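1. Structure of the sequence below:
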Amino acid sequence: MPIEILMPALSPTMEEGTLAKWLVKEGDTVSSGDLLAEIETDKATMEFEAVDEGTIGKILIDAGTEGVKVNTAIAVLLEEGESADDIQETSSPAPSKEETKEETKEPAPAPKADDSDSAGASEAPAAPQNADGKRIFASPLARRIAADKGLDLSQIDGSGPHGRIVKADVENATDQPAKKSDVAEADAVGAPAATKPASVGQSADAVAKIYEGREFTEVKLDGMRKTIAARLTEAKQTVPHFYLRRDIRLDALLKFRSDLNKQLEARGVKLSVNDFIIKACALALQSVPAANAVWAGDRVLQLKPSDVAVAVAIEGGLFTPVLKDADMKSLSSLSAEMKDLASRARDRKLAPHEYQGGSFAISNLGMFGIDNFDAVINPPHGAILAVGAGVKKPVVGKDGELAIATVMSVTLSVDHRVIDGAMGADLLKHIVENLENPMVMLA
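-> Model (predicted):
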């Protein structure tokens with residue numbers, strides 16, 4: 001039977017997206033892994049791949065359509081032996097998982113003599129049935145692979161539309177597949193809930209009424225701004241923040257950076273102060289491993305690698321790309337990776353795995369002339385470092401003499417559920433020591 005291609009959830013927070021561009025047209029033949037479309041999520045523009053093989057029978061959603069809900073049918077794929085006459089016109093959204101489960105409880109109708117599966121019987125096994133005599137929906141390719149591997153399709157959970165078993169499900173199946181109850185339990189624990197903007201304060205209509213008669217422009221919220229609003233509201237309402245502040249003398253680091261950049265000039269490498277801050281934080285997390293942790297609802301997860309997220313401002317919002325294993329990488333490697341991530345973040349070309357994860361974040365507003373500020377923790381991170389500008393200030397030296405030094409103010413925002421005060425102070429102490437003695441970071 002024709003297969004509905006559904007709007008995918010390309011990120012944990014995605015509820016709807018924009019179908020930016022079709023990469024195929026009606027009548028095109030596609031295989032598993034072929035690119036079908038470009039979809040704009042709340043964070044990025046991503047390519048969407050086919051999970052089955054067949055012919056594009058009908059495109060249901062035009063390119064450029066905004067606000068397409070996840071699991072809405074966007075196109076119909078025809079299998080071998082099927083034609084456009086087999087497509088039933090529909091404009092309603094695809095059923096939810098709950099509706100799909102209820103639907104599969106009803107006995108499936110017996111296949112007709114000219115059913116598409118019988119058309120391909122010479123190449124694929126007949127449509128299988130489970131122990132209750134109910135039809136198991138699987139693509140012809142999935143049935144062929146299952147037959148070759150000797151797998152029982154009734155023991156395989158389908159990831160295609162309406163629970164349909166596709167090629168990837170069969171290829172990933174083992175001799176002892178997980179029970180459905182186990183999978184459901186894992187999904188309930190591991191799958192983050194869709195994020196909706198919290199309803200806080202007065203309604204939109206009530207606020208607009210206050211400014212009735214005053215000139216204003218109404219700015220529609222895009223997906224990214226809705227997500228930022230929801231996550232920051234969640235963070236300030238549910239995460240018990242506390243703040244630790246320190247001043248850092250940068251003169252030694254600035255001189256060291258200048259010397260390094262002269263030596264690296266031939267390689268086209270130019271290190272920024274932010275590169276040193278990333279390295280300093282990554283090493284500090286290794287020095288205080290208990291602080292390299294995230295809040296996981298009913299437990300704390302302590303990470304072994306130092307995966308550091310860095311806030312990048314883009315038009316209409318921000319990204320926090322994650323530099324994985326930052327403690328193991330050289331300053332030049334961190335610099336190159338950060339430049340690449342920041343560039344693709346501004347073009348909204350980051351994949352979800354590049355901006356999800358990490359245990360610690362850095363938000364640097366020093367380049368905007370901000371002396372100091374308090375950053376909001378990005379759950380489930382345990383802490384975030386707010387970095388201000390380096391400014392020349394009078395300081396008292398070790399011998400009591402008055403001198404001028406370049407001083408940078410930082411604030412560590414900490415989740416008290418994960419990190420206690422003394423531990424947070426120890427973490428910040430190591431960050432300061434790394435930055436005031438930059439040579440140590442190369443040891």
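2. phi, psi of Thr238?
-> Main-chain dihedrals, Thr238, degrees, to the nearest 10: phi -110, psi -20.
3. Name the nearest residue to it, ignoring sequence neighbours.
-> Leaving aside its chain neighbours, Thr238 sits nearest to Pro379 (7.6 Å; criterion: Cβ to Cβ, 6 or more residues apart in numbering). Yep, even glycine has a C-beta here, placed from its N, CA and C like the rest.
4. And for Gly424?
-> Counting by Cβ to Cβ, 6+ apart, the nearest residue to Gly424 once its immediate chain neighbours are dropped is Val414, at 4.4 Å.
5. Could I get the pLDDT score of the one you found?
-> The score at Val414 is 97. That number is its pLDDT.
6. Could I have the CA atoms of whichever strand or helix holds it written out in PDB?
-> Using DSSP states H and E, Val414 sits in strand 402-415. Below are the C-alpha coordinates for strand 402-415, written out as PDB (Å, rounded to 0.1, in the frame of the first residue of the first chain):
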ATOM      1  CA  LEU A 402      49.900  50.000  43.200                       C
ATOM      2  CA  ALA A 403      50.000  49.000  39.500                       C
ATOM      3  CA  ILE A 404      47.800  48.900  36.400                       C
ATOM      4  CA  ALA A 405      46.600  45.500  35.100                       C
ATOM      5  CA  THR A 406      44.100  44.200  32.600                       C
ATOM      6  CA  VAL A 407      41.400  42.600  34.600                       C
ATOM      7  CA  MET A 408      38.500  40.400  33.400                       C
ATOM      8  CA  SER A 409      35.500  39.800  35.500                       C
ATOM      9  CA  VAL A 410      33.700  36.400  35.400                       C
ATOM     10  CA  THR A 411      30.600  35.000  37.100                       C
ATOM     11  CA  LEU A 412      30.000  31.300  37.400                       C
ATOM     12  CA  SER A 413      26.300  30.500  37.500                       C
ATOM     13  CA  VAL A 414      25.800  27.100  39.300                       C
ATOM     14  CA  ASP A 415      23.000  24.600  39.600                       C
END
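7. Distance from the chain centre to that strand, please.
-> Counting by Cα atoms, centre = their mean, to the nearest Å, strand 402-415 is centred 32 Å from the centre of its parent chain.
8. For it, could you pull out the residues that count as buried?
-> Using 16 or more other Cβ atoms under 10 Å as the burial criterion, the residues of strand 402-415 that qualify are Ala405, Thr406, Val407, Met408, Ser409, Val410, Thr411, Leu412, Ser413, Val414, Asp415.
9. In contact with the first one, which residues are there?
-> So that's Ala405. For Ala405, the contacting residues are Arg249, Leu250, Asp251, Lys392, Lys393, Val395, by Cβ atoms under 8 Å, 6 or more residues apart in numbering.
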